[in-house]
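[1] I would like to see how this sequence folds:
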Amino acid sequence: MTLEKKGKTHAIVAYITIFGLIIAMILNMEKQNPFATFHIRQAFGINLLFYVIGYFIISNFDSLMISTAFWIFIAILWFYGFIGALQEKYNKVPLLGEYFQKWFTFIK
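    Residues are numbered from 1 along each chain as shown. You can find the predicted model right below:
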């Protein structure tokens, strides 16, 4: 069984809300799987981006157009990462995936 197959469940769970991310992080602590770690970092970055940018910046605008653009952007990142986990690929999310891997090295 490949590393991708072994870590696939944790990788998929990481993309399912913030609670799934926390569960995946806890499950991956015992037997650290590089594939799961990769996707946990990607999901952590997407969640952090959603909460920080959404709460501190987007919520200050009273514009449906800005809010919709933000939601679409987050949805694209999420789908891209989730589909990569399903296909057992190391797909970095567009624009920010490389940074997520560098910034969140504390996630093992």
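
[2] so residue 66 is in which element?
    Taking DSSP states H and E as the definition, residue 66 sits inside helix 64-86.

[3] what distance separates the following helix or strand past that helix from the centre of its chain?
    Next in sequence after helix 64-86, counting helices and strands by DSSP H and E, comes helix 97-103. The chain centre lies 11 Å from the centre of helix 97-103; the measure is Cα atoms, centre = their mean, to the nearest Å.

[4] who's in contact with helix 97-103?
    Applying Cβ atoms under 8 Å, 6 or more residues apart in numbering, the contact partners of helix 97-103 are 38, 41, 42, 44, 45, 46, 81, 91, 92, 93. (Glycine included, C-beta is placed from N, CA and C.)

[5] of those residues, which is the most crowded?
    Counting neighbours by other Cβ atoms under 10 Å, the top entry in the contacts of helix 97-103 is residue 42, with 29 neighbours.

[6] that residue and residue 79 touch, don't they?
    No: look at residue 42 against residue 79 with Cβ atoms under 8 Å: they stay out of range, at 12.0 Å.

[7] show me what the helix holding residue 66 is packed up against.
    helix 3-14, helix 34-56 (3 or more Cβ pairs under 8 Å, 6 or more residues apart in numbering; DSSP states H and E).

[8] I'd like the next helix or strand past the first one.
    Read in the C-terminal direction, the helix or strand following helix 3-14 is helix 17-30, with elements assigned using DSSP H and E.

[9] worst average pLDDT in the helices and strands packed on helix 64-86?
    Of all these, the minimum mean pLDDT falls on helix 3-14 (a mean of 86).
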